[in-house]
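Novice: below are the sequence and a predicted model for it; my questions follow.
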There are 2 protein chains.
Amino acid sequence: MTIIDGKLTAKNLREKLAIEVAEMKSEYGVQPSLTVVMVGDDPASQVYVKNKVQQTQAIGMISSEINMPANCSQSVLLDQIKALNHDSSVHGILVQLPLPHHIDESAVIAAIDPNKDVDGFHAINSGRLFNGDLGAMVPCTPQGCVLLIKQHLGGDLSGKHVVVIGRSNIVGKPVAMLLLQENCTVTITHSRTRNLPEVCRQADIVVAAVGIAEFVKADWIKEGATVIDVGINRVITHDGKYKLVGDVDYQAVIEGCGAITPVPGGVGPMTIACLLKNTLLAAQATISKRSV
Amino acid sequence: MTIIDGKLTAKNLREKLAIEVAEMKSEYGVQPSLTVVMVGDDPASQVYVKNKVQQTQAIGMISSEINMPANCSQSVLLDQIKALNHDSSVHGILVQLPLPHHIDESAVIAAIDPNKDVDGFHAINSGRLFNGDLGAMVPCTPQGCVLLIKQHLGGDLSGKHVVVIGRSNIVGKPVAMLLLQENCTVTITHSRTRNLPEVCRQADIVVAAVGIAEFVKADWIKEGATVIDVGINRVITHDGKYKLVGDVDYQAVIEGCGAITPVPGGVGPMTIACLLKNTLLAAQATISKRSV
């Protein structure tokens, strides 16, 4: 049984990216840059943004942060995004979600230039991913899941049966599309699925992205299967403290599965690493456009 | 065992649409209009276009046809599309595929105004479908499949297990997304799938869209399952004549299944009916925009 080390894989990816960033700078004089837009001062969002900024800078990219007040109007935010779209020194734009309730998130996402949309949430990027087009900006967490699966099972996933638990636009559906592109047979399950344990037991690979603590039980997992746990749930322990657990009953599942990602230290670290990768790709695309 | 009559269902849908077209005309003075652009003179395409034009006119819509020579350049075609995009009297634009080899189909599809893209092939519409957004232009054949399934099984498909055979951008993937929105558990299979018969046998609903004559056999189908056959394959009979068969071994499967669509007369007639529906929706959207 293998514990898939997302922390190490993410570190290796960041090191590879740092080399490419340095090369881009010396060869083309271009330093990839990511701008994070944050509205309000939600403490959890602040932690996420701080991590993103730190890691962006650590691999030699330019990181900018734009903080807007919680009561900022939607049109002011949209103007800000338009300005970033037109600023050629900005390669990636990320609007930290969730936004305050008076702002329409989908309108904000639709306003981001799809080529700078490093979260991969714009409908054009969803469509490109869906159609299997190269040049799609692929959402970060699903991308990280596939990298972890391929690291463990090797590059060829042809014919593996994947069961995805959860059908969100940010994880379940995109990870299903990516694994379909890898020639997996893909089953998408959700709250309305009947006999979920039985469906899961057929899977060579299970991706759990349902947001319920320790939802996936040991007898749902075929012996030797690979288990990717996307969930991050905060639960209270017996002694009244908090701990983070995934969507998988880790201690029980670990016995029979072939490989599993821990929480924390599995998929989580891959998300930001893939964000940096998307930012690099966005910067590379501006160079190849210039040279055409 | 029920034979799902696509011809009748399509006729009923067209009659319903004709009433809505007449109402729109009398209430808003707007007559929905569809322009079909055809490049070259492929005989099969000519037949398809002729059918589309006839059916469009039959329900009271305006139908226009633009014929361009086979050697027409890509930029001339793109200019034509731009002109149609800007022509407010045109609600739906359909470019008949396939295009001659010197023209990049994806560039042509990307040039169509997504709100006039009645085929639903533009990446923005794929993305909207993927994200479950209302307001997506949904590709016609998958839309027709879902209408036939709901007509037979009723409106609530929650928890039904669907196996889709084939993962094309025009049928397999969009029909999977539509049935996921209907709360089905969805498995997408293809040429690399292992034990396809066994996977199929779990399905309450099988959608076959693989393009291989009589590919799906009787022992792949669970007793009572609903079988939707999207394939249209031309095969030679014993006496040297041609006939059309689907992707399902109809004569054998018909014994044990709960319901099946015939070929011809199943999914086929639904495709053009859904094209007309998309054209009506495109016209309605211009009115609701006007009234805002």
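Specialist: Happy to help now that I have it.

Novice: which bits of the stretch 51-200 of chain A sit near chain B?
Specialist: Contacts of the stretch 51-200 of chain A with chain B, taken as C-beta under 8 Å from any C-beta of the partner chain, map to A:106, A:122-133, A:158-159, A:161, A:167, A:169, A:173, A:176-177, A:180, A:183-190, A:192-194, A:199. Yep, even glycine has a C-beta here, placed from its N, CA and C like the rest.

Novice: out of those, which are buried?
Specialist: A:122-131, A:161, A:167, A:173, A:176-177, A:180, A:183-190, A:192-193, A:199 (16 or more other C-beta atoms under 10 Å in any protein chain shown).

Novice: with only the CA atoms kept, save the strand or helix carrying A:Ala110 in PDB.
Specialist: According to DSSP states H and E, A:Ala110 maps onto helix A:105-111. Provided in PDB are the C-alpha atoms of helix A:105-111 (Å, rounded to 0.1, in the frame of the first residue of the first chain):
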ATOM      1  CA  GLU A 105     -19.800  35.400  -9.100                       C
ATOM      2  CA  SER A 106     -20.700  34.100 -12.500                       C
ATOM      3  CA  ALA A 107     -20.700  37.600 -14.000                       C
ATOM      4  CA  VAL A 108     -17.200  38.200 -12.500                       C
ATOM      5  CA  ILE A 109     -15.800  34.900 -13.800                       C
ATOM      6  CA  ALA A 110     -17.300  35.700 -17.300                       C
ATOM      7  CA  ALA A 111     -15.500  39.000 -17.200                       C
END
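
Novice: for the helix or strand immediately after that helix in the chain, name the packing helices and strands.
Specialist: The C-terminal neighbour of helix A:105-111 among helices and strands, as given by DSSP H and E, is helix A:123-131. On a contact count with 3 or more C-beta pairs under 8 Å, 6 or more residues apart in numbering or on different chains; DSSP states H and E, helix A:123-131 meets helix A:172-181, helix B:123-130, helix B:172-181.

Novice: any idea of the mean pLDDT for helix A:123-131?
Specialist: In this model, helix A:123-131 has an average pLDDT of 96.

Novice: and it with helix B:172-181, angle?
Specialist: 110 degrees (axes from the mean of the first three to the mean of the last three C-alpha atoms, to 10 degrees).

Novice: excluding chain neighbours, what is closest to A:Asn169?
Specialist: Spatial nearest neighbour of A:Asn169, chain neighbours left out: B:Asn131 (4.9 Å); criterion: C-beta to C-beta, 6 or more residues apart in numbering or on different chains.

Novice: quick check: that neighbour touching A:Ala123?
Specialist: Yes. Contact status for B:Asn131 versus A:Ala123: in contact at 6.3 Å, counting by C-beta atoms under 8 Å.

Novice: hmm, back to that, B:Arg14 is nearest to which of the helices and strands packed on helix A:123-131?
Specialist: helix B:172-181 (20.7 Å; C-beta to C-beta).

Novice: list the helices and strands that closest one packs on?
Specialist: Secondary-structure packing of helix B:172-181 (3+ C-beta pairs under 8 Å, 6+ apart): helix A:123-131, helix A:172-181, helix B:123-130, helix B:140-153, strand B:161-165, strand B:185-189, strand B:205-208.

Novice: JSON lines for the ones you listed, including distance to B:Glu223?
Specialist: Listed next are those as JSON lines, based on distance: least, C-beta to C-beta, whole Å:
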{"stretch": "helix A:123-131", "distance to B:Glu223": "34"}
{"stretch": "helix A:172-181", "distance to B:Glu223": "29"}
{"stretch": "helix B:123-130", "distance to B:Glu223": "32"}
{"stretch": "helix B:140-153", "distance to B:Glu223": "15"}
{"stretch": "strand B:161-165", "distance to B:Glu223": "14"}
{"stretch": "strand B:185-189", "distance to B:Glu223": "19"}
{"stretch": "strand B:205-208", "distance to B:Glu223": "13"}
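
Novice: out of those, which gets nearest to B:Ile3?
Specialist: B:Ile3 lies closest to helix B:140-153 among these, at 10.0 Å (C-beta to C-beta).

Novice: show me the contact partners of the closest one.
Specialist: For helix B:140-153, contacts defined as C-beta atoms under 8 Å, 6 or more residues apart in numbering or on different chains pick out B:2, B:4, B:6, B:9-10, B:13, B:118-120, B:157, B:160, B:170-171, B:174-175, B:178-179, B:182, B:205, B:207, B:209, B:226, B:228, B:230, B:259, B:261, B:266-267, B:270-275, B:277-278.

Novice: cool, and stretch A:212-228?
Specialist: With C-beta under 8 Å, 6+ apart as the criterion, stretch A:212-228 contacts A:4, A:145, A:148-149, A:152-153, A:165, A:196-197, A:200-208, A:229, A:231, A:233, A:235, A:245-250, A:252-253, A:255-261, A:266-267.

Novice: report the buried members of the residues you listed.
Specialist: Looks like the contacts of stretch A:212-228 have A:4, A:145, A:148-149, A:152-153, A:165, A:196, A:200-208, A:229, A:231, A:233, A:245-250, A:253, A:257-261, A:266-267 buried, using 16+ other C-beta under 10 Å.

Novice: quick one: terminal-to-terminal distance for stretch A:145-161?
Specialist: Length of stretch A:145-161, first residue to last, C-alpha to C-alpha, to the nearest Å: 15 Å.

Novice: check stretch A:114-125 too.
Specialist: For stretch A:114-125, the end-to-end distance is 7 Å (C-alpha to C-alpha).

Novice: please apply the same query to stretch A:194-202.
Specialist: Terminal residues of stretch A:194-202 are spaced 14 Å apart (C-alpha to C-alpha).

Novice: got the contact list for the helix or strand A:Val199 falls within?
Specialist: If you go by DSSP H and E, A:Val199 is part of helix A:196-200. Applying C-beta under 8 Å, 6+ apart, the contact partners of helix A:196-200 are A:163, A:165, A:187, A:189, A:193, A:206, A:216-217, A:219-221, B:161, B:185.

Novice: would you list the buried entries among the contacts of helix B:140-153?
Specialist: B:4, B:6, B:9-10, B:13, B:118-120, B:157, B:160, B:170-171, B:174-175, B:178-179, B:182, B:205, B:207, B:209, B:226, B:228, B:230, B:259, B:261, B:266-267, B:270-275, B:277-278.

Novice: much appreciated, bye for now.
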